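In: Okay, sequence plus prediction incoming.
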Amino acid sequence: TYTVTGGENDTGEQLWSIERVVNSLGNVETVTVKVSEQGFRPQSSYLERTGAGGTESVDAQYAGGQVDLTLNTRQNNMSVQRSQIPSDARETATLPLIVRALPLARGYVTQLNSFLPIAELLDRVTVRVTGEEEVTVPAGAFKSWVVELDTGDAVTRMWIAQAPPYPVVKFVDGRNNAEFELAQFR
């Protein structure tokens, strides 16, 4: 489930809060990323994974080209570290919603920097429209752009509806082969 809500940060600047919840096989992963209203640059994020083995979390605070991370393991061990990233990096969990806001069209190609705090993984992602396809999912049938997100070691495929409000219709993660389909869009 993805949920997007508007709001503001502590200084009154407008922002979006993007929450993704994945519930699978008795494990729940929730990540909430607060991004700037213009440019969708991350300001902070909090990831929590809960399962039979306990809970682990990652708190990330962004400041330009720097990310301060506080990690808590399932064994309740805490560590703090700082990572340097390009100032234009987006957080990996937000990519599906950011890509749907791009001006997708035949032949469209761009690149984005993507950062995954839990693994301290920085990727240069090539976003490419590879075609068009009619896709049927539980929410219905959608004429969609087929979009690939290529990190160099994995290719994620997305189907994004061509009509407003351009929902992500289907998503197949290139790293873990998890498949998501649109069940409802409000």
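Out: Now that the structure is in, tell me what you want to look at. Numbering: from 1, shown residues only.
In: Next, give phi and psi for the spatially closest residue to residue 139 that is not a sequence neighbour.
Out: Of all residues not flanking residue 139 in the chain, residue 182 sits nearest, at 4.3 Å (CB to CB, 6 or more residues apart in numbering). For glycine as for every other residue, the C-beta is placed from the backbone atoms N, C-alpha and C. Main-chain torsions, residue 182, degrees, to the nearest 10: phi -70, psi 120.
In: separation between residue 87 and residue 42?
Out: Distance, residue 87 to residue 42, using CB to CB, to the nearest Å: 11 Å.
In: wait, residue 49
Out: Computed as CB to CB, the residue 49 to residue 42 distance reads 19 Å.
In: So for these two, which residue has more residues nearby?
Out: residue 42 (24 against 18; other CB atoms under 10 Å).
In: Read off the pLDDT value for that one.
Out: At residue 42, the pLDDT value in this model is 94.
In: looking at it, it is touching residue 63, isn't it?
Out: No - using CB atoms under 8 Å, residue 42 makes no contact with residue 63, being 10.4 Å away.
In: In its sheet, which strands sit next to the top strand by length along the chain, and in what direction?
Out: In the chain, with assignment by DSSP state E, the single longest strand is strand 121-137. For strand 121-137, the paired strands and their directions (DSSP bridges) are strand 109-116 (antiparallel), strand 140-150 (antiparallel).
In: wait, which of these is closest to residue 165?
Out: The minimum distance between residue 165 and the strands paired with strand 121-137 falls on strand 140-150, with 11.6 Å, by CB to CB.
In: which element follows that closest one toward the C-terminus?
Out: strand 155-161 (DSSP states H and E).
In: How far off centre is that following strand?
Out: In terms of CA atoms, centre = their mean, to the nearest Å, the centre of strand 155-161 is found 13 Å from the chain centre.
In: which secondary structure elements does that strand contact?
Out: helix 95-99, strand 140-150, strand 168-172 (3 or more CB pairs under 8 Å, 6 or more residues apart in numbering; DSSP states H and E).
In: Touching it from outside, list them.
Out: By CB atoms under 8 Å, 6 or more residues apart in numbering, the list of residues contacting strand 155-161 from outside reads 96, 99-100, 104, 133, 135, 142-149, 166-175.
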